[in-house]
Structure formats: C-alpha cells, structure tokens
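> give me coordinates for this.
(one chain, ligands or ions: 2)
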Amino acid sequence: MRHERVPRDDRRGDQPSFWTSPSDDVLRTLGARPEGLTSAEAEKRLARYGANIAVASTRRSLVLKFVRRLTEPLIAILLIAGAISGAIGDWQSFAIILVIVLFSVSLDMVQEQKAEFAVDALKRSVAVRASVRRDGRTVELPVADIVPGDVVELHAGDLVPADGIIIGTRAALANEAILTGEPYPVEKRLGPCDGLSPADAFNALFGGTSLVGGEAVMLVVATGGATRFGAIAASIQEMETPTAFEQGVHALGMMILRLTGFLVLFVLLTQLVKHGLSLESFLFAVALAVGLTPELLPMVITVTLSRGALRMADRKVVVKRLSAIHDLGAMDILCTDKTGTLTEAKIAHAGSFGINGAESNRVTELARLNSHFASGMRSALDDALVAGTCVSVQDWRHVDDLPFDFNRRRCSILIARGNEHEMITKGAPESLLSLCSQAETAEGAIVPLDAPLRAKIIDLMEAKGREGIRLLGVARQSMAMDRDHIDLTDEADLIFVGCAAFLDPPKLSATKTVARLAEAGVRVKVISGDAAPVVQHLVETLKLPARGMIAGEEIAALGQAALISKAKEVDLFVRVSPEQKSRIVQALRSSGHTVGFLGDGINDAPAIHAADVGLSVEGGTEVAREAADIILLAPDLGVLADGVAEGRRTYANIMKYVRMGTSSNFGNMLSMAFASLFLPFLPLASVQILLNNLIYDFSEIGIPFDSADAEDLARPKTWDMNAVLRFTLIMGLLSSVFDAATFALLRIGFNVNVSEFRTAWFVESIATQILVIFIIRTAQPFWASRPHPVLVATSLGALAVALVVALTPLGGIVGFVPLPASILAAITGVTLLYLASAEALKHAAVSPQRPKKSA
Ligand SMILES: Nc1ncnc2c1ncn2[C@@H]1O[C@H](COP(=O)(O)OP(=O)(O)OP(=O)(O)O)[C@@H](O)[C@H]1O
Ligand SMILES: [Mg+2]
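Numbering: from 1, shown residues only. Ligands and ions are numbered 1, 2, ... in the order given. The predicted structure follows:
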C-alpha cells in the first residue's frame, strides 16, 4: 500500500495559515494534483479524516437514549424504590414496576426513533452537493464525502464545502458574512498571500461561506471539524431556534412540572402526617409524579412534526427544519420573488430594439458580447442571450470586466479588437439610461441624449414593460488603447444603444395557489429586483389580489419605523436589493406577522434566512436552498397551499395532545390531592398508577394520524397560552368534579373495600381519560367530525386492554378484584355523564382564537 503524505494533525490543521504558502507547496504537502484525487485515494482519506461534517451529529444511539431515559430522575427514583420493595420481599411489585417502566420507555423511544430516521432520510435527499474532480472527471458528490486534497469546482451561488486554497479563478466573489459579519462580497484571486489573518486571505475560501460571483477552483486543505470556521458556520446554520409554539409548549410543560412537584410534596406530607413514613406512600408519590409529568410532550411534538414532514414529502415538499411546519401553519404573509416562482423561469431572448424602437441586431450583438465575456455571476438572462449565436465573439479579446452585483444591477466588460477598445455595459435599463449622456442611432451616429430623447426612450421601455417584457439596457463607450482595466467610475457618460427584450411566461398555477392562500388567510407580497411595469403586468396577468407598489429607491429613504408601516400596506416591491428584501421581511415580522419568504437566487438568501419560514425550490441556487427551511421539489406552487394546510393540521393535532394532557393532568392532580386528604388509604397502588399511565400513553399514539376539521385549517394559528390555560381550568375542574363524585359514590353509595375502590377508580379514570379525546379533538359536535381510524383503533384498543386487565382474573397480579355488576353500571353511568358534560362545556373551554389582524 502506497504511503500517502498527508498533514499530520487529524483534527485541527497543522497548517494554521495555509494561504501563505504557494499553491504548489500546498499541493505537495497534501499529496494532491490539480486534476484531483482518485476514488481509491479519497476513500482512504475519508477513513482517516472522517466525513466532512462540521458539527458531529448529536444524535445518540438507541442504547444511549434508552439508558438516558432510565436515568431521568423520576424514572431512576421509581426504579430504586421498586428495587427497595423487591429487597424487602415484595418482589412482585418490583417486577411489575420494572416491566411497566421498560415498556413505556421503549414505547416512546421507538416512535421517536422511527420518526427521526424517516426525516433524516428526507433531509439527506436535499443535502448540499459539490462538484469535485475525481479520477480525472468532475463529479457531483455529497459535501460530506469531500477530503483534504480534493479539488472542488465552485460557481456563483455555490456553498464553499470546506477550507481550501484557490488554484484557479474567474472573478470569484465570496460572501463571508457568516464568518466576518461583512455583508459585502470580497474578491478572491490566486495567492500566495502574506497576511496571517484569515480575513486577509484573498486566495483562500472557507467552509460555510458562499461564492456569489464568478468561478473558482479550490484545493481542499481542511474538512469537517478541522475547518477554521466550519464549526461556527455549521452551528449557525443548524441552530434550531425554538418557535413561539415550541416555547409555549415548553413553558406549559414547566408549569405542569412545578405543579406536580407541589402536589407530590403535598401528598407525601399528608400521608406522613396520617400514616407515618411508609415505602408504599413514597412509591405512590413517585408513581404519581411519573404519571403527571408531561414527559411525553417533546416526543409527541417530534413524532407529530415528523409525520407532518413525511406527509409533505409525499407532496414533494422537503422540510429541513421540522419546526418550520408550525411556522408554515402560522404564516400570515408570504413574500415571494418573481422569476421562477410566479414565472416559469423559461427565459427567452425576444429580440432587441434601438433608441427609435425598431428591431436592432447591433444591440443584440453588444448584449451577447457582454454576456459572453462577463466573468461574474451569470443569470438566466445571460443564458438566454448566449443561447443565440454571436458572430463576432472570436474577433474580440477580453481585457477586463466589472462583474454584476445586485445593488448596481449591471455589469461592464472591456474588450479589444484590432485598434478598437470598447467598454460594453448592460443592466437595469432605467438606471443605465441615467448614466448615459449620448445615444447611438440605428445608423450608427452618436447624438446627444437630450431631455425629449430620454423621455421617448423611457416611454418605449415602459410600454414594453407593460406588455410583460423584461428588458436589459445596453450602453457602450470607446476607451483609450492603453487602458487595461476599468473601474466603477468608468460607468458614466456612456452612449445608450438600446435594450434587449426577454420573455418569461407566467406560471399559471400561481393564480390558483395565491387564491387558495388568500382564502386561508395568507397574504402574498411580491418582492422583485425587476422593474415596476413588468411586475405590474405579471400581477395583472395572474390576477393576483395585490395592492400598492413601492420601489427600492423609496425604501432606501425610509427609516425602519416608516418601513414597518409601509410594508404592511403595500403588496408589490420592485427594484429592491438583496438587503432590502431582508429589511422588508424584518419589518413585517416586527409588526407581529409570521412571514414566509420564497425565493431561489443568491439575492434571496438573506431574506430567506430572515423569514420565520424560508422557502426555496429544487432548482434554486445552493445558497438559497441552504438558507431555506423548506424546499419545494415540484415546480407547481400548489404544494405550498397544501403545506400550509399540513402545518395547521400538525398544529391542531399537537393541540389535541396538549389539551388532553393538561386537562387530565390537572384534573388528576386535584383529585389525588383531594383523595389523599379524605381517603383513609391511597386511591391507587403505585403499580396501578404506572399501568394507567402506560395504557393512556398508548391510547394517544394515534393522534398524529388524525385529520383536522376544516375550521382548524381555515386561519393561521399561533400558540395562545391564555386559551390553553382556560381550557385546562375548565376541563380539569370538570374531570375533578366527576372524580370526586366517583369517590363519594364508591365510598358512601357502595361502601366498597380498598381493592374494589381501586379497581373501580382505575376503570373510571382510564375510561374518561381515553374517551374524552373523541370530544375534544373537534370544536364541532363530536358526532359531526369523524376521527381517523388509527386513532379510533389505538384509543379503543387501549381501553379494551385496560378493561381486560382490570376486570378479568389477570388483574389480580396488580391488585385488582372482580367488580359487582352494580358498581360497573354506576361507573359506566358516571363516565357517560362526564363525556356528555365535556361535550356541553367544550365550547366554553375552547375560546375561538382571535383572528390575526391581516396586513
Ligand atoms: N446578467 C445580468 N446582466 C445585467 N443586468 C442584470 C443581469 N441579471 C440581472 N440584471 C438586472 O438586475 C435586476 C435584478 O436581477 P433579478 O431580476 O435577478 O432580481 P430578482 O430580485 O431575483 O428578481 P425576480 O423577482 O425577477 O426574481 C434585473 O431586473 C436586471 O435589470
Ligand atoms: Mg430572482
């Protein structure tokens, strides 16, 4: 086996400032070649350096997860208490506790694990890939497979997959904001570089940054955890900030936890005072705490969201950040860019016109030369231009160019032919026109660009725009022969030649989608870099219900406060820069809206990042897809409206758990406190409480499958703590009243003994807890909304198991006794009465959510 020369240190590179060495030296140290590694070499290196993943996954193995759950304080105490009872001879309790605990812990875990696996597979399907030279060819590989020594080809819009040194470049511009905070792109060129600081390293690219212009070939020096900034970058990208909804659920969980703590202490104290210290009452208190803690909520949220993600995947929507599903359901404003989302992005060059409005080959020729020689970011407009043949490309030689950027909205090239030296600029026509002082006529004469001519050209452009034709202005200037470079000051005093025209058919599915969204309470706003007439025409063609328009120029003059009020009123934003896109999103968010942003370009990435829910499309640039939380695989926008419905359905189902959990927990707490005060014995043995908890958990497995009522899907929904508290108080009190009635009935009415009491109480408690789901899962009368068969099966199945355990000789193991028919009949009566009261009271408990104020 050939020994490979590779850097010694596996983790943090022993090449602290690799960019200070000449690239040949770096190639040699890495045992690499400009044409790339072979697959065999790469495989060896992968084994040695590990996958190129900046932050090792925190996902634990199944066994570790299991152990971690068993060592959670409550479960641990329970197991110890169980062991003590085993030690003093009550081995039966010990065995039962052990079985129940193991069973319920595995039940949660298996569900969670299954869901996570499925979602991980989905995420991998949209993972970032990179073009790598291997075996003398360029192949697309998952970023994780990249190793030191690899040669990676990068284009504008790509993410830089690892740290490396540039060995080839064409006007590469990198955005390193994620590392340096500097929003403006920095130029990258060949080295070596003297500066020791990475900020000086003009010849290096760093993992986590992105290429926003030009092209670069990079030799990978460090991967994964060894990258200079990779770890930071990845943690920024991967950070899942909890949504308002998750925070709400968490706050609620904490509140229940504290109440449970109080209650358990209270029960322990009353037992202590009444009966002195006993293992039994201690076990009872612990079992109670286990039963009452909302330990299932996190698992429930994961499982419900994962199921939501899987269902969305069926509709060709991949969810990268699970909690984005909530945001999608809560979203009340969707911002979208134009090309590729509202249009087909099948851009075709549809001729050109000169200053008199007549068809002009000259303009087309100049535009094509510009597209051909421009080295920066290429847009679909360039592709459309160079798709046609340009006769004179061969004659010209590239001298210099000023790449495109989204703030100038133009690019210039300097080319030479014989003794000609020409600068050609193309870009957003109205701003290009303002840089011109002369114009070229169809006959080739240069005339002054006076006010009437200027007005005529503007009229011409607006007329084309109103027909939905996109335009790029073309201007030129002859330069002195000794000029070998151009800079921004040269973009002045130009000669206007005309405009190239483009067509991009509107996406007809957008009309229906926007209508569906509007019906669902989501307002759509278009945020485009294009000109006002084009956007206006598109909006009219698609019959979008949009009002008001504002241009980037005006936005630049607005303070944030003014923008906040303006952004709410206006639906169309034109000629906006990438920074303005994200400013608009932030303004909308700060006025209380939940904002989505759908875009595909480099210029959309900041806004996608700034939104509550960032959306991109399969064909979008890598940076946009990386910034997005959700990626639409199908070009049809209809999936978006489906996604919103799915988000709301998921929300509705989680609310079912929350309601079930809070009302029964709160009710049980009150009842237990009450029982331990007034009963001469414990209302349930500890194993019975655990069994109750287990069966109840099982009954809820079906909830993520459940369908939601049309009412739940109609409006954006957000977490409302007051509504939850209101529900908890009303429904919790109701269940306590019925518990108290059952106590009284059993003790006074039937004068039962301890075992009979516990059996009857167990049956009543589990039946009411399980069956009430059919009442509270819908705001309609329960018979009007049909539950999902899986939910029916798990609920009734769990109830059947509970009844079998309690009412057959099997129950003897956990201390149950057969009940006389009269008691059974009475319990059935109480349960039915409870369900009827719950049905009657639920409208008061579920206060209808206040509709969010619309924009
Ligand atoms: N290759 C190019 N050369 C010169 N100018 C360009 C080029 N690409 C785009 N422009 C100019 O920059 C403007 C903004 O670019 P672009 O249309 O991609 O922005 P956007 O915000 O993504 O718009 P959209 O809503 O259409 O997706 C264009 O309208 C055009 O005037
Ligand atoms: Mg765009």
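> up against ligand 2, what does the protein have?
Proximity of the chain to ligand 2, by C-beta under 5 Å from the ion, involves residues Asp337, Thr339, Gly601. Heads up, the C-betas are built off the backbone N, CA and C, glycines and all.
> one more time with 8 Å
Taking C-beta under 8 Å from the ion as the criterion, the chain approaches ligand 2 at residues Asp337, Lys338, Thr339, Gly340, Thr341, Ser528, Gly529, Gly599, Asp600, Gly601, Asn603, Asp604.
> name the element the fourth one belongs to?
The reference is to Gly340. Using DSSP states H and E, Gly340 sits in no helix or strand.
> in this structure it contacts Asp600, no?
Yes - Gly340 sits in contact with Asp600 when judged by C-beta atoms under 8 Å, with a separation of 4.8 Å.
> common neighbours of these two, please.
Residues touching both Gly340 and Asp600 (C-beta atoms under 8 Å, 6 or more residues apart in numbering) are Val617, Gly619, Gly620.
> let me know the closest of the residues you listed to ligand 2.
Of all the shared contacts of Gly340 and Asp600, the one with the least separation from ligand 2 (C-beta to the ion) is Gly620, at 9.1 Å.
> can you show me the strands along the stretch 51-200 of the chain?
If you assign secondary structure with DSSP state E, counting those that start in this stretch, the strands in the stretch 51-200 of the chain sit at 129-134, 137-142, 151-155, 163-175, 186-188.
> okay, these in CSV with mean pLDDT and mean neighbour count next?
Converted to CSV, these look like this (pLDDT from 0 to 100; neighbours: other C-beta atoms under 10 Å):
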stretch, mean pLDDT, mean neighbour count
strand 129-134, 92, 20
strand 137-142, 92, 13
strand 151-155, 93, 21
strand 163-175, 88, 24
strand 186-188, 88, 19
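> just send those strands back as JSON lines, with distance to Gly329 too.
Listed next are the strands of the stretch 51-200 of the chain as JSON lines, based on distance: least, C-beta to C-beta, whole Å:
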{"stretch": "strand 129-134", "distance to Gly329": "30"}
{"stretch": "strand 137-142", "distance to Gly329": "31"}
{"stretch": "strand 151-155", "distance to Gly329": "36"}
{"stretch": "strand 163-175", "distance to Gly329": "32"}
{"stretch": "strand 186-188", "distance to Gly329": "39"}
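> among those, which comes closest to Asn653?
Comparing the strands of the stretch 51-200 of the chain by their distance to Asn653 (C-beta to C-beta), the top pick is strand 137-142, with 33.4 Å.
> how about residues contacting that closest one?
So strand 137-142 is contacted by Arg124, Ala127, Val128, Arg129, Ala130, Ser131, Val132, Arg133, Arg134, Glu153 (C-beta under 8 Å, 6+ apart).
> among the shared contacts of Gly340 and Asp600, name the buried ones.
Buried positions within the shared contacts of Gly340 and Asp600, assessed by neighbour count (16 or more other C-beta atoms under 10 Å), are Val617, Gly620.
> can I get the shared contacts of Gly340 and Asp600 in JSON lines including distance to Leu734 and secondary structure?
Shown next, in JSON lines, are the shared contacts of Gly340 and Asp600 (distance: C-beta to C-beta, whole Å; DSSP: H, G, I helix; E, B strand; the rest coil):
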{"residue": "Val617", "distance to Leu734": "49", "secondary structure": "strand"}
{"residue": "Gly619", "distance to Leu734": "54", "secondary structure": "coil"}
{"residue": "Gly620", "distance to Leu734": "51", "secondary structure": "coil"}
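> and which of the residues of the chain next to ligand 2 is nearest Glu839?
Thr341 (45.3 Å).
> which residues sit in contact with that closest one?
Counting by C-beta under 8 Å, 6+ apart, Thr341 touches Lys507, Ala510, Leu598, Gly599, Asp600, Val617, Leu637.
> top helix in this protein by residue count?
The helix of greatest length in the chain, counted in residues with DSSP state H as the criterion, is given as helix 638-678.
> tell me, which of the shared contacts of Gly340 and Asp600 make contact with ligand 1?
With respect to ligand 1, and counting by C-beta under 6 Å from any ligand atom, no part of the shared contacts of Gly340 and Asp600 is in contact.
> Arg747 - that's part of a strand, no?
No - counting by DSSP: H, G, I helix; E, B strand; the rest coil, Arg747 falls outside a strand, being helix.
> give me the neighbour count for it.
With neighbours defined by other C-beta atoms under 10 Å, the count for Arg747 comes to 14.
> quick revisit: please render the shared contacts of Gly340 and Asp600 as a markdown table that adds pLDDT to the earlier fields.
What follows is the shared contacts of Gly340 and Asp600, written out as a markdown table (pLDDT from 0 to 100):
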| residue | pLDDT |
| --- | --- |
| Val617 | 90 |
| Gly619 | 83 |
| Gly620 | 85 |
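> elements contacting the helix or strand just after the longest helix of the chain?
Toward the C-terminal end, the helix or strand that comes next after helix 638-678 (DSSP H and E) is helix 686-699. Helix 686-699 is packed against helix 91-125, helix 279-292, helix 754-776, helix 789-807, with contacts defined by 3 or more C-beta pairs under 8 Å, 6 or more residues apart in numbering; DSSP states H and E.
> hmm, who's touching helix 686-699?
Helix 686-699 has contacts (C-beta under 8 Å, 6+ apart) with 78, 81, 93, 96-97, 100-101, 103-104, 107-108, 280, 283-284, 286-288, 290-291, 296, 664, 684, 758, 762, 765-766, 769-770, 773, 794-795, 797-799, 801-802, 805, 814-816.
> if we go to 7 Å?
Residues from elsewhere that reach helix 686-699, judged by C-beta atoms under 7 Å, 6 or more residues apart in numbering: 93, 96-97, 100, 103-104, 107, 283-284, 287-288, 290-291, 296, 758, 762, 765-766, 769-770, 794-795, 798-799, 801-802, 805, 814-815.
> can you check stretch 247-259 too?
Counting contacts by C-beta under 7 Å, 6+ apart, the residues outside stretch 247-259 that touch it are Pro242, Thr293, Pro294, Leu297, Ile301, Val658, Thr662, Asn665, Met669, Trp719, Met721, Val724.
> rewinding a little: export the helices and strands packed on helix 686-699 to TSV and tack on mean pLDDT?
TSV is the format used below for the helices and strands packed on helix 686-699 (pLDDT from 0 to 100):
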stretch	mean pLDDT
helix 91-125	79
helix 279-292	79
helix 754-776	92
helix 789-807	95
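> let's have those helices in JSON lines, adding distance to Gly647 and mean neighbour count.
Output for the helices and strands packed on helix 686-699, formatted as JSON lines (distance: least, C-beta to C-beta, whole Å; neighbours: other C-beta atoms under 10 Å):
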{"stretch": "helix 91-125", "distance to Gly647": "15", "mean neighbour count": "17"}
{"stretch": "helix 279-292", "distance to Gly647": "30", "mean neighbour count": "23"}
{"stretch": "helix 754-776", "distance to Gly647": "21", "mean neighbour count": "23"}
{"stretch": "helix 789-807", "distance to Gly647": "20", "mean neighbour count": "18"}
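> now render the ones you listed as JSON lines, adding distance to ligand 1.
Converted to JSON lines, the helices and strands packed on helix 686-699 look like this (distance: least, C-beta to the nearest ligand atom, whole Å):
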{"stretch": "helix 91-125", "distance to ligand 1": "25"}
{"stretch": "helix 279-292", "distance to ligand 1": "53"}
{"stretch": "helix 754-776", "distance to ligand 1": "45"}
{"stretch": "helix 789-807", "distance to ligand 1": "43"}
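> can you put those helices in TSV and add distance to Phe206?
Listed next are the helices and strands packed on helix 686-699 as TSV, based on distance: least, C-beta to C-beta, whole Å:
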stretch	distance to Phe206
helix 91-125	24
helix 279-292	49
helix 754-776	52
helix 789-807	49
